[in-house]
Structure formats: structure tokens, C-alpha cells
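S.K.: From the sequence below, what's the structure:
(chains A and B)
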2 protein chains.
Amino acid sequence: MIHDARRAATLAIGNELIEGRHVDTNSGEIAARLAELGIEVAETVVVGDERARVERLMRELCAEFPIVIATGGLGPTLDDLTREAAADAAGVPLELHGPSLDHLRTIWAQRERPMPATNERQAHFPVGAQIMANPVGTAPGFRVWVGGGVLAALPGPPREMRAMLEGELLPWIRATCGQGPAIAVRSLYLCGLPESQFAEDVGPWMARGENPRVDVTAHMGVLSVKVVARQTSRSAAEAAVEARALELAQRFAPFLYSREHPALERALFEALRARGWRMAFAESCTGGALAERITRVPGSSSVFLEGWVTYSNGAKIRRLGVPAALLEAHGAVSRETAAAMAEGARAESGADLAVSVTGIAGPDGGSLEKPVGLVCFGVATAQGTQTLERRYLRHGRDAVRAFAVHTGLELAWRAVAGPPAPPDSSARRELR
Amino acid sequence: MIHDARRAATLAIGNELIEGRHVDTNSGEIAARLAELGIEVAETVVVGDERARVERLMRELCAEFPIVIATGGLGPTLDDLTREAAADAAGVPLELHGPSLDHLRTIWAQRERPMPATNERQAHFPVGAQIMANPVGTAPGFRVWVGGGVLAALPGPPREMRAMLEGELLPWIRATCGQGPAIAVRSLYLCGLPESQFAEDVGPWMARGENPRVDVTAHMGVLSVKVVARQTSRSAAEAAVEARALELAQRFAPFLYSREHPALERALFEALRARGWRMAFAESCTGGALAERITRVPGSSSVFLEGWVTYSNGAKIRRLGVPAALLEAHGAVSRETAAAMAEGARAESGADLAVSVTGIAGPDGGSLEKPVGLVCFGVATAQGTQTLERRYLRHGRDAVRAFAVHTGLELAWRAVAGPPAPPDSSARRELR
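M.R.: Model (predicted):
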């Protein structure tokens, strides 16, 4: 039984992580799920496939934290050393676990191929470890005492990690850990507002020690705001956090697109569905990324009709009816072309709303008058067509495209559901 | 002067990182750049905005490593505590740096708005610190001695981190650090081969202590293989690594699509350009993601004509000429529809190659005969049309789409340039 396990650490293991060929997303996912149980991840360590260092970190972290969750290094290859390092840290040898070997053999039999000999390594665990089943992959996980803390080892592939976390580890933690202070959390997602403006407006609510405390992160035009309250009872924490979240929602109403999910395409989807509208995208420089975003949402076929990636002038003319003379007169990247693209897409598809984007993502194709980073947008509805010009200067190709996708989604969302953008704040965002 | 600084650590600071709302990509980028100087990042720590913990970690890491690179926590808000923690760790107070304050005021003047008072925090640094300029943002960075190691603090936004790393920190490290053993690295990127098959074939080359050593990571159908050689001279390291990389390239030729870049769309782009072909995509379940991928490549307008996101049956009929009777007879997700989509896209666009994808990404829309995860592909060239059916079972919507995008790119690449896929290995990948 673990008492008062309100703090935890994670340990991500793998050369590909420490060398930057891969990014550790597991630790963050684990932290978010633990937070819902009132357990705070205070430290995350990433380390390569170095047996001695992994072993030392397991010991050090287990000495400070009652729960340490390791991910990775459970694969079949020789550089997968988590089992060995955990055994070293726990001061026990490895032993073969018969049921796990049977499980491995069954999986390989389903694949109709012989199991490579190296895979037998995956059925060895520190003596005394509790095995955790892997419902979606070959590598079982395990829990083992290391000093005064419990080390849990999960597989590195996020899908397998997630299945084992949800199916095995979290239920065990829920059953084992005592109750701590009640923590309640609310999120708000804003667009069209600079981070420093938000911080200035909110002021002391963001200070450390505030309760509830407000925290903000900015990424590609989106502000993710989190409100956390700690109280002795759940109801008190919920009441405190909801009151503060409501104040924020009212104060920043023109920028608030969701209280549930950071993905702007979800807000767009909900708005379209609520209004009974269907839409289309006509894309040049974003290359299909706007359509890709809205079709991420399950059920998007009910609101999204179709999209065009008219990368060439010929495609703009043939698919969307953009007049060749207009392209000649104003250029492919112009408010005029953007308007014609949006209108063409709306007429062709029969959609209520069509949004277009055409720009110079770079690195080539820029001029003094039309530099790399210039992007034009068109928004066509039954009420007419609006255009917008943005200059994402001093950015690379990927960033220009990412900003353009965000702005395209924001414009679509505002056209369907959003309040009008305030005159100043969002127009200056490209200066940030 | 730092001697023998062949090992380093990174420290990523921010509540959004430790809580999983954001992923730390900075540490990996820094590790990859340091590796080119022969400096190995051995440990990466992620920590929240906790002044005491950050300070303790700075001290501990600087006691073990001659270089510790921190990212994040340099913003203007009250929870940005890197400056304070670094001053604590170095045992010195903060002081105002006049030129940095001028720099901040200039940036805000360009924005034509008053500088919020909180931003003055960004011009305070530990006494004795060397300031590092930020060419693309407001927050300057700094370097300061903490015990026997140098702590370098860079901003958290990746674009600003990168600019300061390249412009200030790496040049300083190059100038300051002595020479270590020569390290040479080669990468190979394979598709269509399971990781365990690769590991089995390569065997002891992957063992720890091997020199050169081979390392592999699998992600969404791509195997990233890295070969690292350490020798006393650069030429010896280069020769050793090149010989091993060549052996791998020959042994895995049918799967090798690049020795330079993991992005399969780049290999496709190069192959199209080499052959003088132009192509189009017709997408249903991937929603534009294939077009988005190829248009990530600078210059892709020379090989990519256009794309259709025909999400509805109506769009498949009207844009691509898929016969309504064929849709009726075989369903939207069928080899027949995939073939008609690819042929329609090729005929409409005049492309040499068109690739289509239609599938059931879920979570709804599956049946016993056509389950969620069923995806059909069409590949149309002057030589005719080929189709492929894949079943990505037991996956969520995002994963089904991601696998389908990878397979679409792989099919396009093989159609233009690649050797034929071996009969067994890739056909079974969906079982993994």
C-alpha cells in the first residue's frame, strides 16, 4: 500500500529520445492522466539506452518519489535494457515468466511466422515483479519495488503505453493510493490574442501560490489556459475552479473558442453542425492541410463536403473558375484570387461556406512587393465574400503554412459562430 | 575554457511540459546539434515552473556535466522563473541589463504599443552572466557558471531557441571546447520492413559496445536506422561508418528510400523530379493529408499538380468521374472505387501518376465485412492501374489515417522509383 503518493516522476528511455530522433510524448500523456487522480508529476527524465545510468536514475527517482513510471526499452532488441536496469536497481536477477512467453508465441503464431529468438528477452522480468499485460503489442510491462518506491515499466510505442496505462497501471494506482487534496481543473482555449496581453490582463491570478491558479501557454496562434484549484473537498475545488473559469470566459469571450479541446477544427465542426451549415476548402499554399484538419474530427463528413488543392494556376482556373485574366492582373497570391477561389469553391460544391488560402510559403517565390510569408484568405458565404491579407515574415516554410492553417480555421470558425474579432489584437499577431 | 566537455545535459522548464499540454522538442534538437560537435547529451530533465526544484536540478546537473542547456521560463510572466532559479543556483542576485531593456523597448515600439510592465523582467540576469541575443523574439538568453559547469538558458519557443542556439551558443561551444574523439554518423530510412525483422537480420551490429554501432527506431511504417562510429581521427570514423552504412544499404536495398531524410515525401519528390513525372492525389479518408505531405517539400509545385479531397460520394462522382453505379455496386471503400478515383484524377489532371485512397477511419461506419481500419488504394499510371487493400485493425481514427498516409506515399514512391516490394514483409505489416 502506497500512502500519500501525490507526487510522481517519469523516466523515458531510449537513444532515439535522448538523441532527438524521436520526441517523448509518453511522459506528458502520463502526467495528464495522473493529474486527474490528484497526482502531480514533478520531474521527467529522458535518458539513452545506458544500463548503468538508467539503473542509477531509477534508484534516485524511487528514493524521492513513491511512484516512478518508466517508458521504453521493453522491445526485443539488444539495446532494450529496461528489464536489466530495473533488476539491477531492485537488486534482483531476471527470471523467465512462462505465461508471457506463451503470449509472445501466440502473437507470432497469429502472424504466421516464426518468433525470432531475440524476442524471448521480452518474457524476462525482475524476480518479484508484477507483470502488466500488453493487449495491443508484444512487450509486457511490470511493476517492481525499488527501495521505497514503485517502479512501473511501460512499453515505448504510445499506443501500447496507453493501453497498459489505462488497462493496468491506473486502476492499480487508484486502488492502491490514499486520497490527497482534491484538485479540480478547467481549460479554456483562445485565439486571436497575444500571450503577453492575456498575462497583463489576468495579472496576479497567474502568480505562484494563487489558488485557483491560472496558467497559459501559447502555440501557433492558440492560447491554452488552464485553471487549477486545490481544496480539501472535491465540491469546494470544483466550485472554486468553475467560478474562476467563468470569469475568464466572460472577460475573454471574443477570443474563446472552446472550454474542452484545443483543436480549433473541433470548434469549427461544432459550430457548423449547430448552424446546419456545410463547408468546403480551396487551398493553395496550405496544400490540403485545412481539409486534413477538419476531417480529423469524427463525423466531419456531415459538415465537410470537399476540398481542392489547386496548387497550380491551371487548377485554380479549371477547378474553381478563377478567371485567367484575374490571375494575370493580380497574381496567384492576392486578395482578388483568394476571393475568386472561395467563391468558386462555394459555387461548385454548393456549400454554405467556403474558405480559401493562397500564399507564398517559401523559401523561393518571394519578391519585394510580395515577400515570402504573404498569405491571402477568402471567406465566401451567402452574405458575400471577405478577404484578409497576412504577412508571416521572418518565418520558414513550415511555420508560414502552420500559421496560415490556423488563420484559415479561425476565419472559418468566426464566419460560422464566432464573435467579430476585435479591431486591433489579431491584426498584429504576425508581428510577434 | 571548458576541457573535455564531451557530455552534456538539457533541462526543459515549464508547467505546460511537465503536465503534458506541450511536448519538449527543444532538448532533442539541441542533442542532435551537439552530437555533430561530438558532444553527447546523456540526460534530459523536464521540470515544471518550480523555482526550488529548478534550482536544485541546475546545481546537480552542472555538478555532473560541464555543459547544461536549459530551455524555457524566460518569458515575461510571473511563472517564468529560469532567471531567478539560475541566480539562486549560481549564488548571485539578479541585476538589470540596460542594453537588453533597450532592445525590449525597441521591439515594443515597432509593435506600436506600450511595453507591459511585466516584460521588464526579461532584462534581468544573474550577476556575471553572459547575455545571448535573441534575433527573433523578446527574451534574451544567458550563460552563467554554476559550480564547475556552464548553465546556458535559451528561450522555450522553438524558433527562438533555434536562432539563439545557432547564432550564439554553438559558436561559443565550438570556440571554447577542446577536441574529443571523432564521431561520424550515417542515417538510413527504410519502409516496408518490420523492426524485429531488421533487428534479427542485423544481429550483433546493434549490440552495445559495437563500433560502428547500428541503432533502429520504428514509427508509423518508417524504420530510422542510425550508424555511429567513433575513432581517433575524423577520416577513420568517416571510413568506418560509411563502410557499415553501405553494407546496410545493399542488404536492405528494396526497403531503402533515403540516406538523408526520414520524410518519405522528399524521396517521392526526388523520384518524381528525376523521372520528369508529375502527379496528383485523390483522397477520401486521409482528407488531404497526402497532398499536405508532398507540398511540405520546397519546390513541390514542379511535380505536384493538384489534389482532390472527395469526402462525399457526390464529390467522387462529380470531380473524379467515379460511376454512381460502381459506387452502388462496390461501396465507396473498395478496390474498384479506389481504382476509379485514381484513374479519374489522372485523366482530369493530366498527371503521369495519380494515387487514391478511400477507407473507413472510424470510429463509426464499420461493418463486419468492411471493418473500421479497412483502406483501399489505387495507383494509376500509363501502364495501368493497381490496387491494394489494407486492414489497420485495432487502431483509432488518427492511427488509421496516419498509416494510410504512409502507405499512400510508399505506393507513390514505389510506382515512380522504388524497387518492387518483396512479397511477404510489407503485406503483413497491419498485423503488428
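S.K.: wait, A:Phe269 sits on A:Val297?
M.R.: Yes. Here A:Phe269 reaches A:Val297: they are 4.4 Å apart, a contact under C-beta atoms under 8 Å. C-betas here are computed from N, CA, C, even on glycine.
S.K.: okay, now A:Ser367: neighbour count?
M.R.: Residues lying near A:Ser367 (other C-beta atoms under 10 Å in any protein chain shown) number 11.
S.K.: any idea how far chain B is from it?
M.R.: Distance, A:Ser367 to chain B, using C-beta to the nearest C-beta, to the nearest Å: 16 Å.
S.K.: hang on, that residue in a strand?
M.R.: No. Under DSSP: H, G, I helix; E, B strand; the rest coil, A:Ser367 sits outside any strand and is assigned coil.
S.K.: pretty sure A:Leu57 contacts A:Thr44?
M.R.: No. Using C-beta under 8 Å as the test, A:Leu57 is too far from A:Thr44 to be in contact (11.2 Å).
S.K.: in the stretch 1-150 of chain A, which spans are strands?
M.R.: A:7-13, A:40-47, A:67-71, A:94-96, A:124-126, A:130-132, A:141-146, A:149-154 (DSSP state E, counting those that start in this stretch).
S.K.: Out of the ones you listed, the one nearest chain B is which?
M.R.: strand A:40-47 (3.8 Å; C-beta to the nearest C-beta).
S.K.: Please identify the buried residues of that closest one?
M.R.: Within strand A:40-47, the residues scored as buried using 16 or more other C-beta atoms under 10 Å in any protein chain shown are A:40-47.
S.K.: likewise stretch A:23-40?
M.R.: So for stretch A:23-40, counting by 16+ other C-beta under 10 Å, buried means A:23-31, A:33-35, A:37-40.
S.K.: low-scoring stretches of the stretch 1-150 of chain A, by residue?
M.R.: A:1-5 (pLDDT under 70).
S.K.: residues in contact with A:Val150?
M.R.: Applying C-beta atoms under 8 Å, 6 or more residues apart in numbering or on different chains to A:Val150 gives the contacts A:2, A:62, A:66-68, A:143-144.
S.K.: With A:Glu270 instead?
M.R.: A:Ala417.
S.K.: so it is in which element?
M.R.: A:Glu270 belongs to helix A:264-275 when assigned by DSSP states H and E.
S.K.: Now do the buried residues in that helix.
M.R.: A:264-273.
S.K.: tell me the average confidence for it?
M.R.: What helix A:264-275 shows for mean pLDDT is 96.
S.K.: returning to that earlier point: just name the closest of the buried residues of helix A:264-275 to A:Glu283, please.
M.R.: A:Glu265 (14.1 Å; C-beta to C-beta).
S.K.: Please verify my assumption that that closest one contacts A:His406.
M.R.: No. With contact defined as C-beta under 8 Å, A:Glu265 does not count as touching A:His406 (10.3 Å).
S.K.: Which residue ranges of the stretch 301-432 of chain A form helices?
M.R.: A:313-320, A:324-330, A:335-349, A:397-416 (DSSP state H, counting those that start in this stretch).
S.K.: Pick the most buried one from those.
M.R.: Comparing those by mean neighbour count (mean count of other C-beta atoms under 10 Å in any protein chain shown), helix A:335-349 ranks first with a mean of 24.
S.K.: Need the winner for burial among the strands of the stretch 1-150 of chain A.
M.R.: By mean count of other C-beta under 10 Å, the strands of the stretch 1-150 of chain A have strand A:67-71 as the most buried, with a mean of 28.
S.K.: so what secondary structure elements neighbour it?
M.R.: strand A:7-13, helix A:26-35, helix A:51-64, strand A:149-154 (3 or more C-beta pairs under 8 Å, 6 or more residues apart in numbering or on different chains; DSSP states H and E).
S.K.: that older thread, how about the strands of the stretch 1-150 of chain A in JSON lines, adding distance to B:Gly75?
M.R.: Shown next, in JSON lines, are the strands of the stretch 1-150 of chain A (distance: least, C-beta to C-beta, whole Å):
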{"stretch": "strand A:7-13", "distance to B:Gly75": "24"}
{"stretch": "strand A:40-47", "distance to B:Gly75": "20"}
{"stretch": "strand A:67-71", "distance to B:Gly75": "29"}
{"stretch": "strand A:94-96", "distance to B:Gly75": "46"}
{"stretch": "strand A:124-126", "distance to B:Gly75": "43"}
{"stretch": "strand A:130-132", "distance to B:Gly75": "39"}
{"stretch": "strand A:141-146", "distance to B:Gly75": "37"}
{"stretch": "strand A:149-154", "distance to B:Gly75": "33"}
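S.K.: how about those, which one is nearest A:Val416?
M.R.: That would be, of those and by C-beta to C-beta, strand A:40-47, which comes in at 37.7 Å.
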